[in-house]
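Novice: What shape does this take:
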Amino acid sequence: MAEKIVSQLEGAEMEYWLSEENNEEIWVRTKRFGQLKNILKPFFDIRGTRNGFPTVLLYLD
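Specialist: Reported below is the predicted structural model:
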């Protein structure tokens, strides 16, 4: 799942980092929350529940 999200982030030219401890964890730094929402939206579709839902933590700095 992370590979699909990373390719979308790269296409949107968003700044991101892959976690060193967990290859399924991605850190994203952006002010374009609407665009990030659109990138993540397909992964929260009810039809994808057999794969599990990703977790999103939001930190405002």
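Novice: Show me the strands in this structure, by range?
Specialist: Along the chain, counting by DSSP state E, strands occupy 15-18, 26-29.
Novice: helices or strands up against the last one?
Specialist: Read it as strand 26-29. Counting contacts by 3 or more Cβ pairs under 8 Å, 6 or more residues apart in numbering; DSSP states H and E, strand 26-29 packs against helix 2-11, strand 15-18. Yep, even glycine has a C-beta here, placed from its N, CA and C like the rest.
Novice: can you pull up the bridge partners for Ile26?
Specialist: Leu18 (DSSP bridges).
Novice: so it sits right up against Glu20, yeah?
Specialist: No - look at Ile26 against Glu20 with Cβ atoms under 8 Å: they stay out of range, at 11.9 Å.
Novice: which of these two has more neighbours?
Specialist: Looking at Ile26 and Glu20 with other Cβ atoms under 10 Å, you find the greater number of neighbours at Ile26, namely 16 against 7.
Novice: And the contacts of stretch 8-26?
Specialist: 1-2, 5-6, 27-30, 32, 35-36, 39 (Cβ atoms under 8 Å, 6 or more residues apart in numbering).
Novice: Averaged pLDDT, it. What do you get?
Specialist: Throughout stretch 8-26, pLDDT has a mean value of 90.
Novice: just stretch 30-39 next, same as before
Specialist: Taken as a whole, stretch 30-39 has a mean pLDDT of 92.
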